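Visitor: here are the coordinates; sequence isn't available:
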Ligand SMILES: [Zn+2]
């Protein structure tokens, strides 16, 4: 089951929602202010922006791994701590 991350455009709250069935997408509300003005956040980008606030940034490398597609490798400094 997919878990999507959303950001409330009203108060900025980040929250995750688990979709058991696709029709639930019609009912996305901020758990803090109950606003339904929320945008989907792509987790990887979100993670990078969070990590970027710290002292080190993850290294993102995109390369071709097959004709017509690419692979992305993310190296996160200090992830083993
Ligand atoms: Zn909100």
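Guide: Thanks, I have it. These numbers come from a predicted model, not from an experiment.
Visitor: can you show me the strands along this structure?
Guide: With DSSP state E, the ranges of strands along the chain come out as 3-8, 14-18, 38-41, 59-66, 69-75.
Visitor: okay if I get those strands as TSV plus mean pLDDT, distance to residue 29 and mean neighbour count?
Guide: Every residue, glycine included, has its C-beta placed from N, CA and C. Listed next are these as TSV, based on pLDDT from 0 to 100; distance: least, Cβ to Cβ, whole Å; neighbours: other Cβ atoms under 10 Å:
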stretch	mean pLDDT	distance to residue 29	mean neighbour count
strand 3-8	89	9	16
strand 14-18	89	9	13
strand 38-41	90	7	14
strand 59-66	77	32	10
strand 69-75	75	31	10
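Visitor: quick one: closest of those to residue 28.
Guide: When these are compared by Cβ to Cβ, strand 38-41 sits nearest residue 28, at 5.1 Å.
Visitor: residue 28 against residue 36, yeah?
Guide: Yes. Between residue 28 and residue 36 there is a contact under Cβ atoms under 8 Å: 6.4 Å.
Visitor: more neighbours: those two, which one.
Guide: residue 28 (18 against 13; other Cβ atoms under 10 Å).
Visitor: can you tell me the closest non-neighbouring residue to residue 13?
Guide: residue 32 (4.5 Å; Cβ to Cβ, 6 or more residues apart in numbering).
Visitor: check contacts around the one you found.
Guide: For residue 32, the contact set (Cβ atoms under 8 Å, 6 or more residues apart in numbering) comprises 8, 11, 13, 15.
Visitor: spell out which parts of this structure neighbour the ion.
Guide: Within the chain, the residues that sit near the ion (Cβ under 5 Å from the ion) are 8, 10, 11, 13, 30, 32, 33, 35.
Visitor: filter the residues you listed to the buried ones?
Guide: By neighbour count, with 16 or more other Cβ atoms under 10 Å, these hold 8, 30 as buried.
Visitor: for the residues of the chain next to the ion, which one is nearest residue 67?
Guide: Nearest to residue 67 among the residues of the chain next to the ion, with distances taken as Cβ to Cβ, is residue 8, at 40.7 Å.
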